[in-house]
Structure formats: structure tokens, C-alpha cells
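The sequence isn't on hand, but the structure is:
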């Protein structure tokens, strides 16, 4: 069963936290986080750029256009951190006897988008797990988002739900 993410306040910012136990070793998960071809299978935007500290990243998709980020930390195969527009995404991979644990931390300013983005990352992480398992996602991403979003609204409350679904 997939675990939902949680929301926490960090000073004047907010942070979504997701933790997924994966049946794959850290090197395999790292490739899924950093390879352009693998990112296309599960990440919400295309990514162009080098995974080197200080490097500029370009993100883009049909629904949001193009925007930028910067690589903040690269420690293969354990930590990857970068800005994604105004958000800071931090991916942590810990080895386990059965594979690894992946933690995603998404830090941002606008509390109102927490439920929307929580549901979005939930969908992306489900797709990542399916990709790692060489399987198709269990359902259409928009169907999954629509089904889990009300749970995030309930968990996080009305202040974290004032910004609606993506266009």
C-alpha cells in the first residue's frame, strides 16, 4: 500500500515529505532520478542540464512552459538536491537489506498549494515505483490524482488547499 506524504512547517516555509520503500538498490534508484530517459517515465517535467553543483537546469512541459532551477547538492547515490522553480527538491536514498528507502522533501513558500502538490508527487512516486519495477502504472495519472487529492485536502486542511488542480 502506498503511503501518503506529510506536510510540515519549516520556519517561514512548508515542506512535503514522502518516504517510499523500494525493491531496488540505491544505484538503480539514482539512475531513475538522474537519467533523462528514465525521468521522462515519471517526473512531471522534462529536465535539461548537468547534475553538477551550481549547474543550471531547465524544466519544461506543455502545460507549464519552460522554467529554471539550479543544482544544489549531488552525492551519488545518496543525495540529490536542486531548485525546481521556487521549490527546493531534495531526494535522499538510503540502502536497506531489501533495496532502498527513497525520501522526497519538497520545500516551498505557498501553503495553499500543499494538497495539490502532495497529490501530484504521490502520482509521480507511484509512476517511479512502476518504472523501477518495469511495470505500467496501475491507473492513469490524472485518475490517481483525482482520487488521492481529497485525502490530501483532508489531511492538510483548507489553508493548504486554496490553490486548485493543475491546468
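Structure's in. What do you need? From a predicted model like this one, the values you see are computed outputs, not experimental measurements.

wait, what's in contact with the residue sitting nearest the centre point of the chain?
Nearest to the geometric centre of the chain sits residue 121, at 4.6 Å (CA atoms, centre = their mean). Applying CB atoms under 8 Å, 6 or more residues apart in numbering to residue 121 gives the contacts 5, 16, 18, 104, 106. (Each C-beta comes from the backbone N, C-alpha and C, glycine too.)

ok, the helix or strand containing the third one: who's next to it in the sheet?
Element membership for residue 18, per DSSP states H and E: strand 13-22. Based on DSSP bridges, the pairing partners of strand 13-22 within the sheet are strand 6-10 (antiparallel), strand 99-108 (antiparallel).

What residues of the shortest one count as buried?
Meaning strand 6-10. Applying a neighbour-count criterion of 16 or more other CB atoms under 10 Å, one finds residue 7 buried in strand 6-10.

returning to what we had before: okay if I get the strands paired with strand 13-22 as CSV plus distance to residue 148?
CSV is the format used below for the strands paired with strand 13-22 (distance: least, CB to CB, whole Å):
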stretch, distance to residue 148
strand 6-10, 14
strand 99-108, 15
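
Out of the contacts of residue 121, flag the one nearest to residue 161.
Ranked by distance to residue 161 (CB to CB), the contacts of residue 121 are led by residue 16 at 13.2 Å.

Can you tell me how far that closest one is from residue 7?
To residue 7, residue 16 is 6 Å away according to CB to CB, to the nearest Å.
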